[in-house]
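**Q** this one's structure only:
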Ligand SMILES: Cc1ncnc2c1ncn2[C@@H]1O[C@H](/C=C/CNC(=O)c2cc(-c3ccc(F)cc3)cc(O)c2O)[C@@H](O)[C@H]1O
Ligand SMILES: [Mg+2]
């Protein structure tokens, strides 16, 4: 039977990237998606904005919603200080298996905790099961209709503290209108839009960075 897109992406990493070199893993995925087969990674252009936010926040605790093949997971983990706690959630076991191999190829498996399951089920368990108090940075990149409910869930579970940063991918394409409306009008957040393009295309997209004000 025909391979899946995540499997083909993994093979491109194993063929073209150097083990233990996160930058080469990132480049191999970007090359593959730009020249061979598009895939829904945050990509190189928005990835640079992600990098700058991670470097600026220098987070001790990070949550990623929607691991997919682990591209943004590798981008984030390579910039984290030693001892940082990075949890990424993925509910598709087949995709999680690919992501684990991409992360291992980058040599970052010790910095990342990939947890299989739905964010709505796992977020309420963060404190008791994963020993997390609050998250300094949350990267939202999963199903677009889950951004808003999961943000409200994180608030309810006390996982955000004054200064916590939410960074959301795809707020224009595919778009997350209910999330944008909420986060831009809520007195509890200060938001900033970073205009960019949909990964590997000229279509407009962007990242929304929001600071939780407590
Ligand atoms: C509640 C829950 N819990 C746990 N894992 C969850 C989860 N919800 C989803 N996941 C996981 O995360 C990934 C899904 C990512 C969804 N991302 C997109 O749909 C996406 C789409 C485009 C796109 C743009 C223009 C087009 F024409 C076509 C596609 C671009 C993007 O950047 C995207 O992120 C996927 O691995 C899924 O299993
Ligand atoms: Mg995305």
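**A** Arrived safely. Note that the structure is predicted; figures quoted are calculated from it, not measured. Numbering: from 1, shown residues only. Ligands and ions are numbered 1, 2, ... in the order given.
**Q** which one is residue 71 nearest to, not counting chain neighbours?
**A** Excluding the flanking residues, the one nearest residue 71 by Cβ to Cβ, 6 or more residues apart in numbering is residue 41, at 3.7 Å. (Glycine included, C-beta is placed from N, CA and C.)
**Q** report pLDDT for the residue in the chain that ligand 2 sits nearest to.
**A** Residue of the chain nearest ligand 2, by Cβ to the ion: residue 169 (3.7 Å). On pLDDT, residue 169 comes in at 99.
**Q** check contacts around it.
**A** By Cβ atoms under 8 Å, 6 or more residues apart in numbering, residue 169 lies in contact with 42, 46, 72, 139-141, 205, 207.
**Q** quick one, helices of the protein?
**A** Remark: helices assigned in the chain by DSSP state H are 5-16, 22-35, 43-57, 71-77, 93-106, 119-122, 126-130, 147-156, 177-185.
**Q** what's next to the fourth one, contact-wise?
**A** This means helix 71-77. 22, 25-26, 29, 41-43, 47, 50-51, 54, 62, 64, 67, 86, 88, 99, 102-103, 106, 108, 111-112, 114, 139, 141, 169.
**Q** and it, does that touch ligand 2?
**A** No - Helix 71-77 does not reach ligand 2 (Cβ under 5 Å from the ion); its nearest approach is 7.9 Å.
**Q** look up how far ligand 1 lies from residue 105.
**A** Relative to ligand 1, residue 105 is positioned 18 Å away (Cβ to the nearest ligand atom, to the nearest Å).
**Q** next, count neighbours for that residue.
**A** Residues within reach of residue 105, counting by other Cβ atoms under 10 Å, total 23.
**Q** next: residue 114.
**A** Other residues near residue 114 come to 19 when the count uses other Cβ under 10 Å.
**Q** contact partners for it?
**A** Neighbours of residue 114 in contact, by Cβ under 8 Å, 6+ apart: 67, 70, 73, 88, 90, 96, 99-100, 103.
**Q** out of these, who's the most crowded?
**A** Neighbours here mean other Cβ under 10 Å. Within the contacts of residue 114, the largest count is held by residue 70, at 33 neighbours.
**Q** so that one touches residue 98, yeah?
**A** Yes - using Cβ atoms under 8 Å, residue 70 is in contact with residue 98, at 7.5 Å.
**Q** rewinding a little: can you tell me which of the helices of the chain is most buried?
**A** A comparison of those by mean neighbour count, using mean count of other Cβ atoms under 10 Å, puts helix 71-77 on top with a mean of 26.
**Q** for that helix, the averaged confidence score.
**A** Helix 71-77 comes out with an average pLDDT of 99.
**Q** return the distance of that helix from the chain's centre.
**A** Distance, stretch centre to chain centre, for helix 71-77: 7 Å (Cα atoms, centre = their mean, to the nearest Å).
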